[in-house]
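Student: Model the following, please.
(one chain, ligands or ions: 2)
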Amino acid sequence: MFDFIWTFASHMTQEISQLKELLAFPKEISIVTHRNPDGDAIGSSLGLAGFLRKLGHNVRVVFPSDYPLNYGFLDGIQTSVVFDLDQNGAREAIDKSQVIFCLDFNGLDRIDKLGENVQFSKAKKVLIDHHLEPEPFTDIEFSETESSSTCELVFKVIDQMGYRSKIDPHIGECLFTGMITDTGSFRYGTRPYTYEVAAALKELGVDDYKLADKIFNSQKEKHLRLLGHCLANRMEIMKDYGVGIMWLTRKDYADFDIQRGDTEGIVNYMLMMEDIRVAAFVLEQPTIIKISLRSKGDISVQEIAQKYFNGGGHKNAAGGGVYASLGDIIDKVKKVMPQYLSKLADKT
Ligand code: 5GP
Ligand code: MN
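Tutor: Ligands and ions are numbered 1, 2, ... in the order given. Just a heads-up that it's a prediction; the model follows:
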């Protein structure tokens with residue numbers, strides 16, 4: 001019945017033994033994840049850190065940019081370093097490491113300036129990630145695009161090293177976090193194993209109800225006002241092609257006091273319309289235009305992000321950043337989409 005567990009196990013065997021050997025004695029370790037860390041980046045980094053500390057290692061989690069406040073309750077987050085707030089501290093942590101874990105990202109450009117420190121470090125580098133097409137910058141690679149989340153993959157790696165019993169409820173809570181955030185509460189990106197891991201984590205004491213409440217019901221009034229503004233005043237629908245476009249101007253950023261993380265999740269609302277197949281959210285940030293893309297089913301926004309918006313990601317959730325004007329990027333979205341999507345049949 002559980003054949004697939006063995007199948008997954010078999011192709012990681014060599015990497016698992018290499019990692020076990022690497023972790024056999026206490027070491028200086030840093031864990032790095034991508035800029036604008038989300039639930040999966042944060043949860044996987046903290047969960048792995050908690051586990052490694054149990055093995056006796058000295059571990060530092062390094063975030064390139066600050067984390068959203070609603071994750072502030074997760075175990076170990078207080079001792080993490082944020083590069084944007086403490087550049088020397090972050091660089092020192094990387095430079096003194098004997099082992100560097102790279103979690104939830106597939107290329108050094110996703111960690112900004114820290115990329116140089118990681119690239120030139122003599123430390124052993126370990127990738128644990130579920131994005132498409134990882135760049136070859138690590139020594140040991142756990143890359144599994146079928147994994148719902150990096151958290152799921154961290155669980156799997158720990159489990160296959162034979163250390164499941166080291167996962168306590170605090171570590172479990174961190175790992176469960178990325179699983180619920182990257183799957184939209186188990187609505188997409190799952191596989192049978194995802195539910196096995198969720199079951200195992202619940203079994204060992206994770207309170208999933210309380211966790212989801214802390215993560216999702218933590219919005220301030222301004223977040224809902226901003227959402228209302230986006231839906232009422234900043235949304236355009238390309239009816240013929242099933243595309244929703246939303247945008248925020250620099251002035252919106254000031255008017256709504258938008259901070260990092262405040263816009264997360266808004267793009268997904270457009271997918272709630274039945275005929276919408278692709279959603280694009282264009283953000284006029286201080287120096288760059290950021291775009292978030294989401295799609296349903298077989299449409300790959302990863303391809304679109306990579307080709308037109310200097311980005312990448314997953315098939316159904318991708319993003320990028322371009323130096324251009326807001327209007328230019330909105331126009332570009334409108335021009336590019338018809339090349340990828342056939343016209344929808346007229347229902348009237
Ligand atoms: P979001 O739209 O939430 O910012 O990002 C969704 C996904 O797209 C992320 O998980 C990440 O994989 C990818 N992504 C977002 N921005 C970029 C970017 O600038 N470059 C690349 N390569 N991927 C991105
Ligand atoms: Mn992820």
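
Student: hey, let's count contacts and neighbours off CA atoms from now on
Tutor: Will do.

Student: ok, residue 83 to ligand 2 distance?
Tutor: 20 Å (CA to the ion, to the nearest Å).

Student: ok, now which ones touch that residue?
Tutor: Residues near residue 83 by CA atoms under 8 Å, 6 or more residues apart in numbering: 62, 63, 64, 65, 66, 89, 90, 91, 114.

Student: where does the last one land on pLDDT?
Tutor: Pointing back at residue 114 there. pLDDT recorded at residue 114 is 96.

Student: which residues does it contact?
Tutor: Shown in contact with residue 114 (CA under 8 Å, 6+ apart): 64, 83, 91.

Student: same thing with the first one?
Tutor: Neighbour list for residue 62: 30, 31, 32, 33, 80, 81, 82, 83, 90, 93 [criterion: CA under 8 Å, 6+ apart].

Student: cool, the third one as well?
Tutor: By CA under 8 Å, 6+ apart, the contact list for residue 64 reads 32, 33, 34, 35, 36, 82, 83, 84, 111, 112, 114.

Student: For the stretch 101-250 of the chain, which segments count as strands?
Tutor: Along the stretch 101-250 of the chain, the segments classed as strands by DSSP state E, counting those that start in this stretch run 124-129, 140-143, 235-238, 243-248.

Student: mind listing the helices for the stretch 151-300 of the chain?
Tutor: 169-182, 192-203, 208-216, 221-233, 250-255 (DSSP state H, counting those that start in this stretch).

Student: okay, those helices, which one's buried deepest?
Tutor: Of all these, helix 169-182 carries the top mean neighbour count, a mean of 26, counting by mean count of other CA atoms under 10 Å.

Student: mind listing what residue 271 touches?
Tutor: 244, 277, 278, 279, 294, 295, 296.

Student: where's whatever residue of the stretch 151-300 of the chain ends up closest to ligand 2 relative to residue 189, distance?
Tutor: In the stretch 151-300 of the chain, the residue that lies nearest ligand 2 is residue 182 (5.8 Å; CA to the ion). Distance of residue 182 to residue 189, given as CA to CA, to the nearest Å: 8 Å.

Student: and for these two, which residues touch both?
Tutor: residue 148.

Student: mind putting the contacts of residue 62 in JSON lines, distance to ligand 1 included?
Tutor: Shown next, in JSON lines, are the contacts of residue 62 (distance: CA to the nearest ligand atom, whole Å):
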{"residue": "30", "distance to ligand 1": "21"}
{"residue": "31", "distance to ligand 1": "18"}
{"residue": "32", "distance to ligand 1": "15"}
{"residue": "33", "distance to ligand 1": "11"}
{"residue": "80", "distance to ligand 1": "21"}
{"residue": "81", "distance to ligand 1": "21"}
{"residue": "82", "distance to ligand 1": "18"}
{"residue": "83", "distance to ligand 1": "18"}
{"residue": "90", "distance to ligand 1": "21"}
{"residue": "93", "distance to ligand 1": "24"}
